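A.B. asks: Just need the structure, nothing else, for what follows:
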Amino acid sequence: MARKYSKAASDDVESAVKKKNAGTLKSGRSGKTVKSRKQAIAIGLSEARAEGKKVPSKKSAKSSGKKATKKSAKGVAKKTAKTATKKAKTTKKATKSPAKRSTNSSSKKSPSKSASARKSAGRKSAKKSAKKASKKKS
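C.D. replies: Below is the predicted model:
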């Protein structure tokens, strides 16, 4: 029977695990030190895939999970029912007429920005202030 993983791919995984044990293996996006053995193996396989070595493709999220048991299926049904009622409540709030909401314009609050919008606004202002400072120096 043929190998699922090539010898070169297993060497990549081995080196990733050794780096993890040495404390030098970093995760891709955040750059944090990897502490999980499974994550180290996943990084090694990912690097092997990127280099074109013989590694099976990633499993999709749906197929990789085990079949749901009766208890967990009931829990999922409860969760979906809760989310459905939450969604119904939010749509009711959204469909209220503007007259029923506050009529006083001074009591109206400005819509709050999302976290990413606040971050990008902060970055923009930082860039502007940096440009002004560089213009003043020259």
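A.B. asks: what's the one helix or strand Arg49 maps to packed up against?
C.D. replies: Under the criterion of DSSP states H and E, Arg49 resides in helix 37-50. When contacts are defined as 3 or more C-beta pairs under 8 Å, 6 or more residues apart in numbering; DSSP states H and E, helix 37-50 sits against helix 7-22. The way it works is simple: take the backbone N, C-alpha and C, and place the C-beta from them, glycine included.
A.B. asks: Using neighbour counts, pick out the buried residues of the helix it packs on.
C.D. replies: For helix 7-22, burial by neighbour count (16 or more other C-beta atoms under 10 Å) applies to Ala9, Ser10, Asp12, Val13, Ala16, Val17, Lys19, Lys20.
A.B. asks: Okay, the residue nearest to Ser57 when sequence neighbours are not counted and Asn21: tell me how far apart.
C.D. replies: Here the nearest residue to Ser57 in space, its sequence neighbours aside, is Arg49; by C-beta to C-beta, 6 or more residues apart in numbering that works out to 7.9 Å. Using C-beta to C-beta, to the nearest Å, Arg49 is found at 22 Å from Asn21.
A.B. asks: what does Ala40 give?
C.D. replies: With C-beta to C-beta as the criterion, Ala40 and Asn21 are 8 Å apart.
A.B. asks: do the same with Ile43
C.D. replies: Distance of Ile43 to Asn21, computed by C-beta to C-beta: 13 Å.
A.B. asks: shared neighbours, those two?
C.D. replies: Common neighbours of Ile43 and Asn21, using C-beta atoms under 8 Å, 6 or more residues apart in numbering, do not exist here.
A.B. asks: This structure: helices as residue ranges?
C.D. replies: 7-22, 37-50, 61-64, 70-95, 115-137 (DSSP state H).
A.B. asks: now the third one: mean pLDDT?
C.D. replies: The predicted model gives helix 61-64 an average pLDDT of 62.
A.B. asks: Per-residue pLDDT of Ala88, please?
C.D. replies: pLDDT, read off for Ala88, is 68.
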